[in-house]
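Engineer: what follows is a protein structure lacking sequence information:
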C-alpha cells in the first residue's frame, strides 16, 4: 500500500519504519523541517534500538521518504496515519488542535483525489474525537464519510524501549469505524502480522488505550505498595510477587475484570482490611489499597442512584447474598444497597433462591439481623411475588429469574456482562 504518516515523533517514526519493512511505500509528513531532513538522510527522529536500522533500510530500498508538503503526501497515498501530538494540559484534558488541523488539511485535498481515502487516527484521544474528525472532514471536503472517505480509530500499543517488537508482535490490533471499506484497508495495511483485527464500536476503540495504560499504572502501584509493606515486615517482596504471579486462574487472568456490582463476603473485605492494618501499624503509606473499600462502596451508591433516578418507590431486588449460589449474607453489598434504600423510604421486596430467613444460623444470622432486622418481611418465596407491583427491579444475580418477568419495569442490571 501507499501510506502517508502525519507526525514523525515517537509513534510516527516507529510506524513509518515498521510499515516500510513490511513492504509498504511510506511518506512521512511533519511541520518540523529537521525531522524531515533526518528521515531523508536515513536517520530516525527518536533514539531507540532498532528504529535507526528500519529508517535507514527504508531509505535505501526507496520505500520511505519524508516531506513537509501535505498535498504531496495525500496525493501519493491511499491511507493516512495521524500520529500527531495530543499534549496533556494541567487538568488532564488533551489539546486536540493538531488532530483537528491535520484532519482539516487532509479534508480539503480529498476532492482533488477523485478516489477513496482512509484516515487512521493513531493518536490517543478521548472518546468522541473520531466522530469530531469525521464531522470536520465532511464539512471541509463536502464529501460523505463511508462513501468518499473513511476515518478509522486504531490505537497504538507501543512501549518505549520495545516499540519495534510491539509493532510486529502486538498484544492486540483494535479498530473502530463505521466504514467497512476503511476497516478492509486497515486490514490490508496489517497484512503479514499474525493477529486477527478486533473491530469494535468507535468509542470502545478510543477508550481502550486509556483503560490499558491506567491498568498498567495500577499494577505498578499495587506491586510497589506490596513491596513497601513486605519490606517493613522483613518479608521477601520479590518472592511474594513471584508466587502471586504463578496463579493464572485468578491473579493473572481475566477473572474479576468485568464491570458489575461491588464485592463482598467474608474474605475480601477482611483480608483487605488486614493488609491495610499491617501498613498502618508499620507506618507505611498505602493509598491504593486504602482506596479500594471506598471505591467498592461507591459502586453500591452508584447503583442506588440509578434506582432513585428510575422514580419508582417500589423496588424488587434479585439476589441478596454476596455471591450467587450461596446464602452467605456477611458483608454482602446487596444488603448494603437494600439497607440504604430502605432507610430512604423505599418499599423493597427481595428474591434469592438460596436465602431462607428461618434457615440462617450463626454469624450469618447475626449479621443480617443487625443490618436488616426486617429482612424476613422483605424476602419473597417466588420471583412473581417479589416483582408484584414493583416499578423497578435491581438484578444483582443473573440466571435465577427469567428476564421476561421484568417486562414493563425499569431494569437495573448490575451483574457482570
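Structural biologist: Perfect, I can see it now. Source: prediction; values computed, not measured.
Engineer: what count of nearby residues applies to the residue nearest to residue 89 when sequence neighbours are not counted?
Structural biologist: Among residues not flanking residue 89 along the chain, residue 95 sits closest, at 6.3 Å (Cβ to Cβ, 6 or more residues apart in numbering). In short, each C-beta sits where N, CA and C put it, glycine included. For residue 95, the tally of surrounding residues (other Cβ atoms under 10 Å) stands at 12.
Engineer: same deal with residue 109?
Structural biologist: Neighbour tally, residue 109, other Cβ under 10 Å: 18.
Engineer: tell me who's in contact with it.
Structural biologist: Neighbouring residues of residue 109 by Cβ atoms under 8 Å, 6 or more residues apart in numbering: 70, 71, 74, 75.
Engineer: pLDDT at the third one, what is it?
Structural biologist: Spelled out, that is residue 74. If you check residue 74, the pLDDT there is 97.
Engineer: measure it to residue 310 for me?
Structural biologist: As defined by Cβ to Cβ, to the nearest Å, residue 74 lies at a distance of 51 Å from residue 310.
Engineer: who has more neighbours out of those two?
Structural biologist: For residue 74 versus residue 310, neighbours defined as other Cβ under 10 Å are more numerous around residue 74 (24 against 17).
Engineer: tell me which element that one is part of?
Structural biologist: Using DSSP states H and E, residue 74 maps to helix 70-75.
Engineer: any residues touching the very next helix or strand once past that helix, and which ones?
Structural biologist: Proceeding N to C from helix 70-75, the next assigned helix or strand is strand 79-82, under DSSP H and E. With Cβ under 8 Å, 6+ apart as the test, strand 79-82 has contacts from 1-7, 12, 15, 73-74, 99, 102-103, 106, 117-123, 185-186, 189.
Engineer: and strand 79-82, which strands flank it?
Structural biologist: Partner strands and pairing direction for strand 79-82 (DSSP bridges) are strand 2-6 (parallel), strand 117-121 (parallel).
Engineer: still on that earlier bit, any of the contacts of residue 109 buried? List them.
Structural biologist: Among those, those buried by neighbour count (16 or more other Cβ atoms under 10 Å) are 70, 74.
Engineer: and which of the contacts of residue 109 is nearest to residue 150?
Structural biologist: residue 74 (14.2 Å; Cβ to Cβ).
Engineer: need the contact list for the closest one.
Structural biologist: Contact analysis of residue 74 by Cβ under 8 Å, 6+ apart lists 4, 80, 106, 109, 110, 113, 117.
Engineer: most widely separated two among these?
Structural biologist: The two members of the contacts of residue 74 with the most space between them (Cβ to Cβ) are 4 and 110, at 12.8 Å.
Engineer: so between these two, which is more surrounded?
Structural biologist: Counted by other Cβ under 10 Å, residue 4 and residue 110 do not tie: residue 4 has more neighbours, with 26 against 20.
Engineer: test my guess that that one contacts residue 76.
Structural biologist: Yes: when contacts are counted by Cβ atoms under 8 Å, residue 4 is listed as touching residue 76 (7.0 Å).
Engineer: shared neighbours, the two?
Structural biologist: Counting by Cβ under 8 Å, 6+ apart, the common neighbours of residue 4 and residue 76 are residue 27.
Engineer: so where do the strands sit in the chain?
Structural biologist: Under the criterion DSSP state E, strands of the chain are mapped to 2-6, 25-29, 64-67, 79-82, 117-121, 149-153, 173-176, 197-200, 314-318, 347-351, 392-395, 410-413.
Engineer: I'd like the average pLDDT over the second one.
Structural biologist: Mean pLDDT, taken over the full extent of strand 25-29, equals 98.
Engineer: so how far is it from its chain's centroid?
Structural biologist: Put simply, strand 25-29 sits 31 Å off its chain's centre (Cα atoms, centre = their mean, to the nearest Å).
Engineer: repeat for the fourth one
Structural biologist: Relative to its parent chain, strand 79-82 has a centroid offset of 24 Å by Cα atoms, centre = their mean.
Engineer: repeat for the last one
Structural biologist: From the chain centre to the centre of strand 410-413 is a distance of 23 Å (Cα atoms, centre = their mean).
Engineer: ok, now the fifth one?
Structural biologist: A distance of 23 Å separates the centroid of the chain from that of strand 117-121, by Cα atoms, centre = their mean.
Engineer: mind starting the numbering at 44 from now?
Structural biologist: Taking 44 as the first residue, the last one we looked at is strand 160-164.
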